[in-house]
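Enquirer: structure of the sequence below:
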Amino acid sequence: MAGARIERLVTSGTFSLDGGTWDVDNNVWIVGDDHEVIVIDAAHDADAIAGAVGGRRVRAIVCTHAHDDHIDAAPELAERVGAPVLLHPDDLPLWKQTHPDRAPDAELADGQILVVAGTELSVLHTPGHAPGAVCLYAPALTALFSGDTLFSGGPGATGRSYSHFPTIIESIRERLLTLPAATVVHTGHGDTTTIGAEAPGLPDWLARGH
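Expert: Reported below is the predicted structural model:
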């Protein structure tokens, strides 16, 4: 039995890119036990996230990608809880649009293993929604944290700068749909889904294009 559990916090704010701004609700995922956690995507509200963490040690603040709605609270949360911010280096150009004077503390790399509460999470580089987008796969929890790469109903958006539809489809096909069908997909926005529920939609996504 895995030592870690999954907690979800929903925070609200805005997403801005390419001159537009939209209201969004984000899922912040806290993975760990009563003693230590990692935070996946520190969105909008450092106070709320710190409150949800409580007195537990934060081993890392992991960014699935660097769109501003997923990283806007990361530096403040890092300072409050004394944890490093981790980001794939391909997303540094996006990060710098939001935090030009504060770099991430360490890089995420494909195949890297993060450990919290005795549970391993594997970093999967899944570009397309953003160049440095990653998902975290925790087989012991039957869980995938997909950021904005895969949602209930299809792939993440690719209509804005730094995104590319054929690339996200390849990422999903090669890196995510190869996971066990029962894997629960914990998304960056909205409801959870499973790999098995999303796999049949791939032909439709390919036909639809973008």
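Enquirer: where does residue 11 land in three-state SS?
Expert: Classification of residue 11 using DSSP: H, G, I helix; E, B strand; the rest coil returns strand.
Enquirer: offset the numbering so it begins at 352, please.
Expert: Understood, numbering begins at 352; the last thing we discussed is residue 362.
Enquirer: tell me the contacts of it?
Expert: 376-377, 379, 394-396, 399-400, 424 (CB atoms under 8 Å, 6 or more residues apart in numbering). In short, each C-beta sits where N, CA and C put it, glycine included.
Enquirer: repeat the analysis, applying 10 Å as the threshold.
Expert: 375-379, 392-400, 403, 420, 423-424 (CB atoms under 10 Å, 6 or more residues apart in numbering).
Enquirer: now swap in residue 424 and tell me
Expert: So residue 424 contacts 362, 364, 377, 379, 390, 392-401, 412, 431 (CB under 10 Å, 6+ apart).
Enquirer: restricted to strands, list the contacts of residue 362.
Expert: Of the positions in the contacts of residue 362, 375-379 sit in strands, assigned by DSSP state E.
Enquirer: and those residues, which two are furthest apart?
Expert: 375 and 379 (12.3 Å; CB to CB).
Enquirer: quick check: neighbours shared by these two?
Expert: Between them, residue 375 and residue 379 share the contacting residues 362, 394-395, 421, 539, judged by CB under 10 Å, 6+ apart.
Enquirer: just give me the closest of the residues you listed to residue 469.
Expert: residue 539 (25.5 Å).
Enquirer: neighbours around residue 469, how many?
Expert: For residue 469, the neighbour count with other CB atoms under 10 Å is 13.
Enquirer: meant to ask about residue 368, not that
Expert: 18.
Enquirer: repeat that for the one 10 residues further on.
Expert: Summarising burial for residue 378: neighbours were counted as other CB under 10 Å, giving 22.
Enquirer: among the shared contacts of residue 375 and residue 379, name the ones in helices.
Expert: Of the positions in the shared contacts of residue 375 and residue 379, residue 421 sit in helices, assigned by DSSP state H.
Enquirer: for residue 491, give its distance to residue 394.
Expert: 25 Å (CB to CB, to the nearest Å).
Enquirer: the more surrounded of the two?
Expert: residue 394 (32 against 13).
Enquirer: for the nearest residue to the more buried one once chain neighbours are set aside, what are its contacts?
Expert: Excluding its sequence neighbours, the residue lying closest to residue 394 (CB to CB, 6 or more residues apart in numbering) is residue 377, at 3.6 Å. Taking CB under 10 Å, 6+ apart, we find residue 377 in contact with 360-364, 366, 392-396, 418, 420-421, 423-424, 499, 538-541.
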